[in-house]
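Asker: Dropping a prediction and its sequence here:
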Amino acid sequence: MNLDWIIRIVLFGIVHWILAGIMLNDLSSRQKVFGRRKAPWAIVILVIPCFGSLSYLAFHPQILNPDQNQHNHD
Amino acid sequence: MRRVTFKPFILPLLLVICTLFYYFGELVDWAAWDILRRNFFYGVHDVHRLLFLAPIVYAGYTARVRGAVIITLVSFIIFLPRAFFISPYPDPLLRMVIFTVFAGVIGYLVARLRNEHAKYKRAETAMVSQRDRILNIINGMADGVIITGPDQRIRFMNASMVKDFGEGVESTCYKHLHKFDEQCQDCKILSVINDNKICHWECRCPDDRIYEVMAAPFTDTDGTVCQLSIFRDISQRKSA
């Protein structure tokens, strides 16, 4: 594997872990999640790089609502 | 500040539009829409990427720092296929990373600016409500309260003072309280303001009412040092 591909994988990994961190933080503090169970979402976010986080974001767009974040996620 | 209501469809819509524009050349190739084929869609995509500033800045404005970070990273993921597999131009990944960092910083700064503005507005609202509360207390006092500037113009009169002397804000204290055309001979305002002294005296009005006056320096909201005087009617006590 050449250096170019290593850089690509590292960059992809960095993006994945930053997004996963944000999504897992939101998941842990949210009381209601789509599908009711948190564990499958945690697995999806961690196991599917980037796209797991994107699908969590698609199903929980309230994460982008600052007022919602202040009200302890109902 | 106008409250921005959260509209969850705007950001995905902006991202979809930007993505379609970013990959429009490939879309034309895939769908064989030859009539839409333009050289612009097959050049270096640095200009096309600039369109992503719109969702990133909007996210910073509405969803603050977290929103700006998330949308910047989502944009980065959208850029990746072109950088990895499509772009024939030199250093596609480097150019994409530089743009992402640049856009992320702009989104972050917009979010910080809006946070600071919101904080300032909250502080201002708290200050106004505190001021209103103090004004209510002062207006409820039986004694008269008057604030006079160094130019001897009245800046504030409480309800009791207005009841006794009439509304006189902006007029001079000697004219409004004593009907004089020039300042009183024993005026103590300069002593109160300049020497930072608390003075105490008795004041006889043209209608023979007698007031016990207590004056102290007071810094107004514009930073001007003024005189805060409390007038207590002692006419009955004096006549007895």
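Answerer: Noted; the coordinates are in hand. Numbering: from 1, shown residues only, chains lettered A, B, ... in the order given.
Asker: So what touches the least confident helix or strand in chain B by mean pLDDT?
Answerer: Least confident helix or strand, chain B: helix B:235-239 with a mean of 83, by mean pLDDT, DSSP states H and E. Applying Cβ atoms under 8 Å, 6 or more residues apart in numbering or on different chains, the external contacts of helix B:235-239 come out as B:208-210. Where you see a C-beta, it was placed from the backbone N, CA and C, and this is true even at glycine.
Asker: what's the lowest-pLDDT member of those residues?
Answerer: Lowest pLDDT within the contacts of helix B:235-239 is found at B:Asp208 (86).
Asker: how about the strands of the chain, start to end?
Answerer: Using chain A. Assigned by DSSP state E, the strands in chain A number zero.
Asker: hmm, I had chain B in mind actually
Answerer: With DSSP E as the criterion, chain B has strands spanning B:144-148, B:154-157, B:199-204, B:210-219, B:225-233.
Asker: Distance from the longest one to the middle of the chain?
Answerer: Taking Cα atoms, centre = their mean, to the nearest Å, one finds the center of strand B:210-219 at 34 Å from the center of the full chain.
Asker: And for the shortest one?
Answerer: Strand B:154-157 has its average C-alpha position 26 Å from the chain's average C-alpha position, going by Cα atoms, centre = their mean.
Asker: Flag every residue of chain B that's near chain A.
Answerer: B:6, B:8, B:11-12, B:59, B:62-64, B:66-67, B:69-71, B:73-74, B:76-77, B:80, B:83-84, B:93, B:97 (Cβ under 8 Å from any Cβ of the partner chain).
Asker: Just the buried ones among the residues you listed, please.
Answerer: B:6, B:11, B:59, B:62-64, B:66-67, B:69-71, B:73-74, B:76-77, B:80, B:83-84, B:93, B:97 (16 or more other Cβ atoms under 10 Å in any protein chain shown).
Asker: Which positions in chain A make contact with chain B?
Answerer: A:4, A:7-8, A:11-12, A:15, A:18-19, A:22, A:50, A:54, A:57-58, A:61-69.
Asker: Tell me the spacing between the residue lying closest to A:Phe34 once chain neighbours are set aside and B:Ala31.
Answerer: Take A:Phe34 and drop its neighbours on the chain: the residue closest to it by Cβ to Cβ, 6 or more residues apart in numbering or on different chains is A:Phe59, 4.3 Å away. Distance, A:Phe59 to B:Ala31, using Cβ to Cβ, to the nearest Å: 29 Å.
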